[in-house]
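Enquirer: sequence plus predicted model, see below.
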Amino acid sequence: MTDDRPLVIRDLGLQPYEPVWEAMKAFTAERDRSAPDELWSVQHPPVYTQGQAGKAEHILLPGDIPVVQADRGGQVTYHGPGQLVVYLMIDLPRAGFGVRQLVDIIEQSLVTLLEEQGIVAAPRPDAPGVYVDGAKIASLGLRVRRGCSFHGLALNVDMDMEPFTRINPCGFSGMPMCQVRDFSPSASLEFLATRLTEVLANALGYQSERLHRDGPLSSIDHKPAH
């Protein structure tokens, strides 16, 4: 990136999935080429989200956890408290790269963050995301509309992992899942959220002086999506 726009980083706290999804869609629909890119870090209450390519048979026993049919890529995944979710609203033509490059940036940023915690992780060519010894520690799912990305990544930090056993994560039966706590018990979600957005910003071409940290959007309300 060569312009001097800031990158707006928002910490949304704990928010229901659907209002944040609606806010992402609205932001993407309403933004123009002058709008700064944004990163939103958030945690969600328990929810399964099914991607556009998702198949019903991969949702095994959801129980009382709601299932939301989302418009991102990929298959089913689980979100819950203790998982760090970062949504990336990036104007790709202005940034000068495509979706595949954005996926690479996200995966390598996660690898860098985990390496700083003493965790050796890597992406897989056959399945998007980041893995530690074959177990998935972070998931990816993106959507691009009008040249702009939304949705993003989910990093398992310190959460109840049991709900993952009720699905085939990302469409893989028996996919082992892990989290940061398994390898670095002292790492806090708050620290990882701040650091991951810094690593992502740098990989996206932003210098530290162009980062603008802000609070939640006023447009997020808690009405269900339709």
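Expert: Great, that's in hand. Residues are numbered from 1 along each chain as shown.
Enquirer: only C-alpha atoms for contact and neighbour calcs from this point on.
Expert: Fine.
Enquirer: flag the shaky bits of the chain, pLDDT-wise.
Expert: Across the chain, residues meeting the criterion (pLDDT under 70) sit at 1-3, 218-219, 221-226.
Enquirer: which one's the longest strand in it?
Expert: Secondary structure of the chain read by DSSP state E shows that its longest strand is strand 135-145.
Enquirer: which other residues reach that strand?
Expert: 28-29, 51, 71-74, 77, 99, 103, 110, 128-131, 149-156, 175-180 (C-alpha atoms under 8 Å, 6 or more residues apart in numbering).
Enquirer: list the contacts of the most centrally placed residue in the chain.
Expert: Centroid check for the chain by C-alpha atoms, centre = their mean gives residue 153 as the closest residue, at 2.0 Å. By C-alpha under 8 Å, 6+ apart, residue 153 lies in contact with 85, 86, 87, 106, 138, 139, 140, 141.
Enquirer: next step: the contacts of strand 135-145 restricted to helices.
Expert: Of these, the ones assigned to helices by DSSP state H are 28, 29, 99, 103, 110.
Enquirer: give the buried subset of those residues as a ChimeraX selection command.
Expert: Here is the ChimeraX selection string for the buried members of these, based on 16 or more other C-alpha atoms under 10 Å:
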select :28,103,110
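Enquirer: distance to residue 192 added to the ones in helices among the contacts of strand 135-145, as a markdown table?
Expert: Listed next are the ones in helices among the contacts of strand 135-145 as a markdown table, based on distance: C-alpha to C-alpha, whole Å:
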| residue | distance to residue 192 |
| --- | --- |
| 28 | 26 |
| 29 | 30 |
| 99 | 24 |
| 103 | 19 |
| 110 | 10 |
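Enquirer: that's all I had, so thanks and see you.
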